[in-house]
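Q: this is the structure alone, sequence omitted:
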């Protein structure tokens, strides 16, 4: 690692963070432990408290209750520039009258680093983000993606222990956004720097993060790996916010063979486990479209009618109507040997063998 590269990441711990203002609770009882070198995404709809939480970590806002620890040390009383956290804002916040090199060197010069050393370090950071050839240009002469690289280089130049990204891809078009996601993930892994990313984009969080904190109305609904959050959502909100989920009401029952959900329109779904709800009674079954499959009607299968079939690349998307009127989507591979159904066909709906499903209290 070069002399001006950031130090390896440190752990960040949030303990019972509350933040209230003007009679409104923006963050309530949030506790997270972020491991050193980990990239964690704060994901949720607008107004859920994710940006407030990020600004609390940065020291740009002060929580009304709770404690922030960075590398095991309480930083609540420290100003932003002494916390070791560097933040990249959505609008990049570059100085328009400064060249790219001067922008990247600015933070170092503000900390008293000699001009020659600051420029050398800034040059190394521009190399890292592949922007060296633009060193003499001004921000107005750069594209959005190039400005973002410069903003990232400026933040990394001051050797932060924690990197904070506030909706960094929001202003980019789709193709450029994907390129920058890959680039930032590459740099983050190369440096091993602890990173917290705020986003409302599910795909962004699922593809970039080691773990995701799904937030809703100031609370963390689930903090887990992308795979666990997708396959085993911890709440009904998570199930519907992340990806697509079919919600089917029924009654959970347990017998010698395990758990099953008897659905309102007839038929039942056998479960490998009844997580996170295991108390028999009224529930809502949540299952992803690809975790369901179609078969001939009969037996325990849920009776349904095919309303529409949509080819989507290598897959077929079926829109079904259950006997109780509920709509369900099923995704199946479009293979030559797979049984195909058409509009108006009566079918049976089952959970694929070995596929996960969740039940929540109805």
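A: Okay, I see it. Computed from a predicted model, the values in this text were never measured in an experiment.
Q: flag every buried residue along stretch 40-47.
A: Applying a neighbour-count criterion of 16 or more other CB atoms under 10 Å, the buried positions in stretch 40-47 are 40-44. The way it works is simple: take the backbone N, C-alpha and C, and place the C-beta from them, glycine included.
Q: right, I mislabeled it, should have said stretch 32-40
A: Taking 16+ other CB under 10 Å as the basis for neighbour counts, the residues of stretch 32-40 that come out buried are 32, 34, 37-40.
Q: do the same with stretch 64-84
A: Applying a neighbour-count criterion of 16+ other CB under 10 Å, the buried positions in stretch 64-84 are 66, 68-71, 75, 83-84.
Q: and the contacts of that stretch?
A: Residues external to stretch 64-84 that are found in contact with it (CB atoms under 8 Å, 6 or more residues apart in numbering): 10-20, 30, 56-60, 62-63, 85, 160-162.
Q: and those, which are buried?
A: Restricting the contacts of stretch 64-84 to buried positions leaves 10-12, 14, 17, 19, 30, 56-60, 63, 85, 160-162, with burial counted as 16+ other CB under 10 Å.
Q: now go through the buried residues of stretch 64-84 and say which are in strands.
A: Assigned to strands by DSSP state E, the following of the buried residues of stretch 64-84 qualify: 66, 68-70.
Q: roughly how far is stretch 56-75 from the heart of the chain?
A: Centre-to-centre, stretch 56-75 and its host chain are 22 Å apart (CA atoms, centre = their mean, to the nearest Å).
Q: for that stretch, give the mean pLDDT please.
A: Model confidence over stretch 56-75, given as mean pLDDT, is 96.
Q: residue ranges for the helices of the stretch 101-250 of the chain, please.
A: Remark: helices assigned in the stretch 101-250 of the chain by DSSP state H, counting those that start in this stretch are 115-128, 144-157, 174-191, 202-208, 226-231, 236-241.
Q: list the contacts of the last one.
A: Contacts to helix 236-241, defined as CB under 8 Å, 6+ apart, come from residues 44-45, 202, 214, 216, 221-222, 229, 233, 245, 247, 284, 286, 358, 360.
Q: could you give the mean pLDDT of the helix or strand where residue 330 lies?
A: Here residue 330 is covered by strand 327-333, with elements defined by DSSP states H and E. Within the predicted structure, the mean pLDDT of strand 327-333 is 94.
Q: buried residues, stretch 338-353. List them.
A: Along stretch 338-353, these residues count as buried under the neighbour rule (16+ other CB under 10 Å): 341, 345, 347-351.
Q: now, among the residues you listed, which is nearest to residue 156?
A: Residue 156 has its nearest neighbour among these in residue 351, at 46.6 Å by CB to CB.
Q: which non-adjacent residue is nearest the closest one?
A: Closest residue to residue 351 in three dimensions, ignoring its sequence neighbours and counting by CB to CB, 6 or more residues apart in numbering: residue 269, at 5.1 Å.
Q: for the one you found, give the beta-bridge partners.
A: Listed beta-bridge partners, residue 269: residue 261 (assigned using DSSP bridges).
Q: got the contact list for it?
A: Taking CB under 8 Å, 6+ apart, one finds 248, 250, 260-261, 263, 285, 287, 300, 302, 350-351, 357 in contact with residue 269.
Q: so which of those wins on neighbours?
A: For those, neighbours were counted using other CB atoms under 10 Å, and residue 302 has the most, 29 neighbours in all.
Q: next, give phi and psi for it.
A: Main-chain torsions, residue 302, degrees, to the nearest 10: phi -70, psi 130.
Q: cool, and the one 5 residues further on?
A: Summarising the backbone geometry of residue 307 under the convention degrees, to the nearest 10, its torsions are phi -100, psi -30.
Q: if we can go back for a sec, out of the buried ones among the contacts of stretch 64-84, which sit inside helices?
A: Assigned to helices by DSSP state H, the following of these qualify: 56-58.
Q: a markdown table please, covering those and showing distance to residue 307.
A: What follows is those, written out as a markdown table (distance: CB to CB, whole Å):
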| residue | distance to residue 307 |
| --- | --- |
| 56 | 48 |
| 57 | 48 |
| 58 | 50 |
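Q: residues touching the most centrally placed residue in the chain, list them.
A: When the chain is reduced to its mean C-alpha position, the nearest residue by CA atoms, centre = their mean turns out to be residue 205, at 2.7 Å. Listed by CB under 8 Å, 6+ apart, the contact set of residue 205 reads 41, 43, 197, 199, 212, 226.
Q: from one end of stretch 84-93 to the other, what's the distance?
A: Distance between the boundary residues of stretch 84-93 (CA to CA, to the nearest Å) amounts to 19 Å.
Q: flag every buried residue along it.
A: Within stretch 84-93, the residues that qualify as buried by neighbour count (16+ other CB under 10 Å) are 84-88, 90, 92.
Q: which among those gets closest to residue 291?
A: Comparing these against residue 291 with CB to CB places residue 90 closest, at 35.2 Å.
Q: shouldn't the closest one be within a helix?
A: No. Assessed with DSSP: H, G, I helix; E, B strand; the rest coil, residue 90 is coil; it does not lie in a helix.
Q: that one and residue 172 touch, don't they?
A: No. Distance between residue 90 and residue 172: 10.4 Å, which falls outside the contact criterion (CB atoms under 8 Å).
Q: overlap in contacts of the two?
A: Shared contacts of residue 90 and residue 172, defined by CB under 8 Å, 6+ apart, are not found at any residue.
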